[in-house]
Structures are given as structure tokens and as C-alpha cells.
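Sequence plus the predicted model coming up.
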Amino acid sequence: MNETLKTIAERHTTRSFTGTPVEREKLDAILLAGAQAPTAANSQRFRLIATDNKEFIDEIEAKLLADFEATNPAMMERIKERGGKVLYNASAVIFIAIDDQGPWSAHLDAGIVVENMALAASSLEVGNCIFAMFRTLFEGDGAEEMKQKLQFPEGFTFAVGLLLGYATDFGKPHEPAIDKIIWL
């Protein structure tokens with residue numbers, strides 16, 4: 001099996017990070033993999049907003065926890081069962097913002113971008129978790145303030161995120177859903 005197929009087969013979601021910072025050259029390589037993703041009509045209507053600032057990541061996590069505590073008790077219970085950390089002690093976070101005035105394909109493009117980055121991270125032995133729960137930061141009160149803090153360009157909105165760090169344990173990849181394949 002070639003290295004690309006091996007990385008795809010072995011990639012798994014990390015929900016427990018050591019907190020050890022990921023080296024900047026690895027983060028840059030992961031971001032470059034996202035920037036190299038194909039987009040519909042080569043529109044490239046996305047921005048990658050990354051931080052490895054621990055204080056800022058802690059601030060984001062506190063806001064998420066407060067939001068879930070107030071609005072989604074079931075989710076808060078799940079978070080408590082997983083150790084009470086919604087960002088799992090990730091040492092870097094990437095937000096993918098899309099031009100919400102752009103083509104219908106902007107969300108699809110964001111999915112391709114995040115998958116490129118997740119596979120790049122896995123190939124560099126950096127744990128990763130594709131993370132959509134950030135969306136609560138961009139709903140209701142405080143949404144515009146968060147967009148400003150994250151330097152979202154005008155007209156851009158959150159699509160998906162990626163948590164990065166070194167895994168405390170190695171999870172299992174998903175079993176391939178072979179029954180979902182249809183040959184004609």
C-alpha cells in the first residue's frame with residue numbers, strides 16, 4: 001500500500017491531546033495542504049485562520065463550555081463524560097471561514113480543505129479532530145466580536161474547524177463502510 005492510502009486508512013479522530021505545542025513547520029505544512037485543496041471553479045473562497053496561542057485557545061474553550069452549559073445540556077453531559085474539555089487540550093486550532101456570498105460549493109470546498117489538512121496532519125504524526133462545534137461561537141450574541149477576534153474577512157462565515165496536537169493515545173480509524181459502495 002502506498003503512503004497516501006496508508007495515511008487515509010490509518011487516520012483517526014483524536015479527542016485527547018498532550019498539550020505539547022506542535023512545531024511551527026508542521027503547522028505551516030498542514031496549512032499549506034489546506035491552501036492546496038481544489039475548489040469549485042478554482043474560486044478559493046476560503047480563509048484559514050490558525051492559532052497556537054494557548055491563552056486564546058483557553059478563552060475559546062471557556063466560551064464554548066459556557067454556551068453548551070446554557071443551551072445544550074445533553075452536549076454538556078457528553079463533554080463532561082469526555083473529561084470536561086471540549087477542545088481536548090489541543091495545542092493549535094484552525095478555523096476555515098468561507099465567503100457566504102460565494103457559490104453554493106463553498107461548504108463543499110471547506111470540507112475538501114479540512115480533509116486535506118487532517119490527512120497532512122496524520123502524515124506528520126500530528127493528532128487531529130475535524131471540529132464543527134465552533135459554530136456556536138458564530139451564533140447569537142458575541143458572533144461579530146468573535147469574527148473580529150479571529151480576523152474573519154468581511155462577508156466570511158465559519159464553515160468548519162480543525163483541532164491539532166500530539167495525541168495522548170492512538171484511537172482506531174473508522175471501519176470502512178464497504179456496504180456504502182455501489183458498483184453498476
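Nice, I can see it. Treat the numbers as computed from the prediction; the structure is a model and nothing was measured.

Test my guess that residue 33 contacts residue 120.
Yes: checked against C-beta atoms under 8 Å, the pair residue 33 and residue 120 is within contact range at 3.5 Å. C-beta: built from backbone N, CA, C; applies to glycine.

Residue 63 touches residue 142, doesn't it?
Yes: using C-beta under 8 Å, residue 63 makes contact with residue 142 at a distance of 7.4 Å.

and residue 56, how many residues sit next to it?
Neighbour count of residue 56, defined by other C-beta atoms under 10 Å: 13.

measure it to residue 168 for me?
Computed as C-beta to C-beta, to the nearest Å, the residue 56 to residue 168 distance reads 22 Å.

in the helix or strand encompassing residue 116, what counts as buried?
If you go by DSSP states H and E, residue 116 is part of helix 106-123. Buried residues in helix 106-123, defined by neighbour count with 16 or more other C-beta atoms under 10 Å: 106-107, 109-110, 112-123.

any idea where the strands of this protein begin and end?
Along the chain, the segments classed as strands by DSSP state E run 46-51, 92-99, 127-131, 156-165.

Where does pLDDT dip in this protein?
102-103 (pLDDT under 70).

Identify the residue nearest the geometric centre of it.
By C-alpha atoms, centre = their mean, the chain has its centre lying nearest to residue 162, at 1.5 Å.

Cross-check the contact I'm expecting between it and residue 110.
No: with contacts counted by C-beta under 8 Å, residue 162 stays clear of residue 110, the gap being 10.6 Å.
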